[in-house]
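Asks: what's the 3D shape of this:
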Amino acid sequence: MHRINPSLKLLCCVTVFLFVLFTHNINVLTYFTAAGILLLMLYSGHPWKRLLLFSLPFVLLFVSSATSMVFFGKGDTVWLEWGLVRITAESFVRGLHIGLKTVNFGVIGLLFALTTRPVYLFYSLMQQAKLPPKYAYSFMAAMRLIPIMIDEFHTLRQALKVRGAGRHKGIIGVYDRLQRYSVPLLAQSIRRAQRIAVAMEAKRFSSGTRRTYFYEIGFSAYDAIFAVFWASAIASAVYLGYHFPYLSISDVRYP
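Replies: Residues are numbered from 1 along each chain as shown. Got it, this is the predicted structure:
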């Protein structure tokens, strides 16, 4: 997964995201979810313990989204009705469908985030997607500035403690801390951004001249395998979902 062209990986992930978003057959979605989890566990390059740790928030989202739809959804075949809770066969299937969509979005996000270096992504966008260098390098510079801003925040907080700056409680305290931290940090950010803009202007990033790149990002056989895998996963999920369904409901949308 780390050897795949980042632009192609981004395109495939967006395509898969749209496929999951507009799929209303829970049988198709279940088969497709199994393919995505298999790819994440076997070819992401990360140990399964780390993947399980990263997957915990999506498990909680699966449970919360599924149960809210199961307990309060609409349907004709009532299984249980007690007060505001009304569980039907249609709401149960719809809840599982929403939960599976949440899992798929999490799997797609983890696949892209855990196997893609941001620098390679922007270089690939410049070389393959023809993104203007001034935007790509601006994003990379902004990402590099985040740790610097965090260090400045900690330094400012320690300085205020040393000086014995008083702390107020309630809304006045929140406003006071906001003013003490935001103004110096904002001023430093504006100065740093201006220096970066002047440096990029001096390097002629605003012009349309052809540039050379430190990293040359290209395509390989792994890109073709990756694209074929997702195409095969979509085709297989659609075929198995319609010809070998495990649930009789083919469309979870309530009329």
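
Asks: what's the helix or strand for Tyr135?
Replies: Secondary-structure assignment from DSSP states H and E places Tyr135 in helix 133-162.

Asks: rounded mean pLDDT for that helix, please.
Replies: Regarding helix 133-162, the rounded mean pLDDT is 81.

Asks: tell me what it is packed against?
Replies: helix 118-127, helix 170-202 (3 or more Cβ pairs under 8 Å, 6 or more residues apart in numbering; DSSP states H and E). Placement of C-beta: from N, CA and C, glycine included.

Asks: now those helices in a markdown table, with mean pLDDT, distance to Met1 and mean neighbour count?
Replies: Listed next are the helices and strands packed on helix 133-162 as a markdown table, based on pLDDT from 0 to 100; distance: least, Cβ to Cβ, whole Å; neighbours: other Cβ atoms under 10 Å:
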| stretch | mean pLDDT | distance to Met1 | mean neighbour count |
| --- | --- | --- | --- |
| helix 118-127 | 88 | 12 | 20 |
| helix 170-202 | 78 | 32 | 12 |
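
Asks: so which of those is nearest Met41?
Replies: helix 118-127 (23.1 Å; Cβ to Cβ).

Asks: and the angle for that closest one with helix 133-162?
Replies: 150 degrees (axes from the mean of the first three to the mean of the last three Cα atoms, to 10 degrees).

Asks: and helix 118-127, how far out from the chain middle?
Replies: In terms of Cα atoms, centre = their mean, to the nearest Å, the centre of helix 118-127 is set 17 Å apart from its chain centre.

Asks: do stretch 136-150 as well
Replies: 19 Å.

Asks: swap in stretch 40-53?
Replies: 16 Å.

Asks: re the thing from before, quick one: the helix holding Tyr135 to helix 170-202, angle?
Replies: Using the same axes, to 10 degrees: helix 133-162 against helix 170-202 is 140 degrees.

Asks: outline the domain layout of this protein.
Replies: 6-117+219-243, 129-202 (automatic domain parsing).

Asks: from the middle of its chain, how far away would the helix holding Tyr135 be?
Replies: The answer for helix 133-162 is 22 Å, by Cα atoms, centre = their mean.

Asks: make TSV from the helices and strands packed on helix 133-162 and add distance to Ala233 to it.
Replies: Output for these, formatted as TSV (distance: least, Cβ to Cβ, whole Å):
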stretch	distance to Ala233
helix 118-127	23
helix 170-202	42
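
Asks: so which of these gets nearest Thr67?
Replies: So among these, helix 170-202 is nearest, using Cβ to Cβ, at 34.6 Å.

Asks: hmm, back to that, and Leu80, which of the helices and strands packed on helix 133-162 is closest to it?
Replies: helix 170-202 (45.3 Å).
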